[in-house]
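Visitor: The following comprises the amino acid sequence and a computationally predicted model.
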Amino acid sequence: METGKNTEDHLKAHKMKKKILRKQVRAQHTLMRHEGIECISHATQSLVIANAGLGNGMSRHQLHRIVDNYGVVETLLMPPNKPYSFVQYESTEEAKKAFDALNGKEVTLEDFDQNIVLYCNFVGKVFWKNSVPTSLPPDLKVIEDIISPEEERKMLESIDWRGDENTQTAQKTLKHRRVKHFGYEFRYDNNDVDKDNPLPGGLPEICIPFLEKCLKQGYIKHKPDQLTVNQYEPGQGIPPHIDTHSAFEDEIISLSLGSEIVMDFKHPDGHTVAVMLPRRSLLVMTGESRYLWTHGITPRKYDVIQASELGQKVGTITADVRDLTLKRRETRTSFTFRKVRRSSCNCIYPSVCDSQKGQQRQAEPSFPHNEMEASELEQQYVHKVYEEIATHFSSTRHSPWPRVVEFLRSLPEGSIVADVGCGNGKYLGINRDLYMVGCDRSKNLVDICGEKDCQAFVCDALSVPIRSGSCDACISIAVIHHFSTAERRLAAIRELARLLKPGGTALIYVWAMEQEYKNQKSKYLKEKHGSKDKEEESSTGTSQRLLDDQKHDRSSQGSACSDRLLDDSEDKGCAAKPVADSRLPVHTNRTSFHSQDMLVPWHLKGGIKKKGAVVDEASLAGCKESQELSPVFHRYYHVFREGELEAACRSLDCVRILKNYYDQGNWCVVLEKL
């Protein structure tokens, strides 16, 4: 009998050992797949512990208490949302002791009353890239302790959640939360408010002193007339969304009561920021954070937060694996105040604005299908626009790009150089040992060159009135991408070659489709969340401006590519066929490209400075009421894919490519005339 029981116990132990080994192997594969870290068979100072991660409910405090029993813990790394953690001991002996004790050990998760089994493996030294602290989305503020605990208690008690739907407050129980509306009901079926049908009673009296305080302290400029109260239990949330532009004015403020919460903000380019909203704090969304970024609350029972802060500080949650833990959620009630909008929205984000989408659709030109249409498109959305914005454009174009300067300074003394598309002439005085002349299609920009005592004249880049073979060098910086067909872009390159003497060189820069190249984002994308004043600029160096002729934008539409590239493009050019709807998309600033051909907005600061200027409505975006205050012009661009510029140049038998490179969001070539 005794022998039979021993055999049974031995079999159970053998099965358990096999199960643990199987789970260990699975954990090894998961780690290799997720992090590229290989587990090793011999003992080291470092362990990876599966099922002991933030992703499956283990807090830093509990794990630290567990692993602390076996020696001095030098490092404890807990990656966000992963089901494993790394622990490094002071010695290999301590790590071996922990391995023997914890591998296959069952523990109870404190916050969830749930049993889990830990599985351990040895790893080499774990290197983790330090996370760069993220900043809040632009125009977003979080004000701590905006009200007292007593005021919080009174505001929470003022909301009666008993009973069903109520006409005065439009109470509803939604799938993920309970909600009440005051002033106006927000309709979730059409994401709008009935502006002609206010709810009786207005806003609760208890909110009036708080709103007056917000007005007095400058957090809002207009007194809200709509309030939405949401109550979230642990595990509940709200999907990512942008409050409807046409429904509410710019300022939206939200008060967090009862508990803190982590709110997730997301830019259209995919960049996300997790923001801690402490209890009794006020969230203020205006400008870009209100109009362009989505915000939402992930439905879960705990938040990943900074362990050192424990939810007490305002700010973003940085993915620092050395300082993350879990915080169990509690019931949170939010008071979100808005001002109902009485006119259409004229924000600077037309691609996500419901007010402007209809107007934009009518104003958007179609992709040109012949030479006449191409010429008309460029006249309307390039030439006329630069005439109107010349003064403002020039004020943001003053720092030369370093590699263009390098090219000009490498030329022999006395060289004759043509800057075709010279803009405000910022390159014309770079090297006083050269004889430089500029030309541009914009008379107003050429006039600015004259004010700087630079030699420049007005002409079209397809027909430059300079004798053939008379130039030692030419530059074409951020110009050719304004031509709307492959034939016209090639003709512009051919015209540069015509001007050159045999052996002469030309430098060409065009805007690149690939704003992220070799795993590096261009400076333009990196600075997308900077100040508004840099909206039209970016940097190629410490003090240099980048993309001086460009603003990056995004459209969700597919590529309405121009004409097929030349036959020798080696499939690196634009091979997309024309789409059924060939309207040019309007992009949103500072995001990656999703179309090669598009309209890029220019937001004219300070209105139109040129007296008596006639603004062409076709190239302006926005509502008529505010065009005089802040007109928005659309410029046509074709962004080049990798290899597309070189393919066009190689199709000319009179030149050869000396050099091609990528420079912070631009494709560049240096040509030599044969």
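Guide: All right, it came through fine.

Visitor: Under the pLDDT cut-off, which ranges of the stretch 551-674 of the chain? List them.
Guide: Low-confidence segments of the stretch 551-674 of the chain (pLDDT under 70): 551-581, 589, 606-630.

Visitor: change it to 90
Guide: When residues are selected by pLDDT under 90, those of the stretch 551-674 of the chain lie in 551-594, 600-633, 664.

Visitor: residue boundaries of the helices in it?
Guide: Ranges of helices within the stretch 551-674 of the chain are 624-627, 644-650, based on DSSP state H, counting those that start in this stretch.

Visitor: What separation do you get for the residue lying closest to D653 once chain neighbours are set aside and G503?
Guide: Computed as C-beta to C-beta, 6 or more residues apart in numbering, the closest residue to D653 that is not its neighbour in sequence is L674, at 7.7 Å. Every C-beta, even on glycine, is put in place using the N, C-alpha and C of the backbone. Using C-beta to C-beta, to the nearest Å, one gets 9 Å for the distance from L674 to G503.

Visitor: can you check E233 too?
Guide: E233 sits at a distance of 77 Å from G503 (criterion: C-beta to C-beta).

Visitor: More neighbours: which of those two?
Guide: Applying other C-beta atoms under 10 Å to E233 and G503 shows that E233 carries more neighbours, namely 14 against 9.

Visitor: got a list of what the nearest residue to that one once chain neighbours are set aside touches?
Guide: Once flanking residues are discounted, E233 sits nearest to T331: 5.6 Å by C-beta to C-beta, 6+ apart. Taking C-beta atoms under 8 Å, 6 or more residues apart in numbering, we find T331 in contact with 231-234, 258-259.

Visitor: rerun that using 10 Å as the cut-off
Guide: 156, 231-234, 236, 257-259 (C-beta atoms under 10 Å, 6 or more residues apart in numbering).

Visitor: top of those residues by neighbour count?
Guide: Y232 leads those on contacts (other C-beta under 10 Å) with 23 neighbours.

Visitor: okay but that residue is in contact with T298, surely?
Guide: No. Applying C-beta atoms under 10 Å, one finds Y232 not in contact with T298, separated by 11.1 Å.

Visitor: tell me, what's touching those two both at once?
Guide: 238, 261.

Visitor: where does the host helix or strand of L76 sit relative to the chain's centre, distance-wise?
Guide: L76 belongs to strand 73-77 when assigned by DSSP states H and E. Mean-position distance between strand 73-77 and its chain equals 33 Å (C-alpha atoms, centre = their mean, to the nearest Å).

Visitor: With just CA atoms, put the helix or strand following it into PDB.
Guide: Downstream of strand 73-77, the next assigned helix or strand under DSSP H and E is strand 84-89. Extracted C-alpha coordinates of strand 84-89, given in PDB (Å, rounded to 0.1, in the frame of the first residue of the first chain):
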ATOM      1  CA  TYR A  84       7.100  38.800 -17.300                       C
ATOM      2  CA  SER A  85       9.700  40.700 -15.300                       C
ATOM      3  CA  PHE A  86      13.500  40.700 -14.900                       C
ATOM      4  CA  VAL A  87      15.300  40.600 -11.600                       C
ATOM      5  CA  GLN A  88      19.100  40.900 -11.100                       C
ATOM      6  CA  TYR A  89      20.700  39.800  -7.800                       C
END
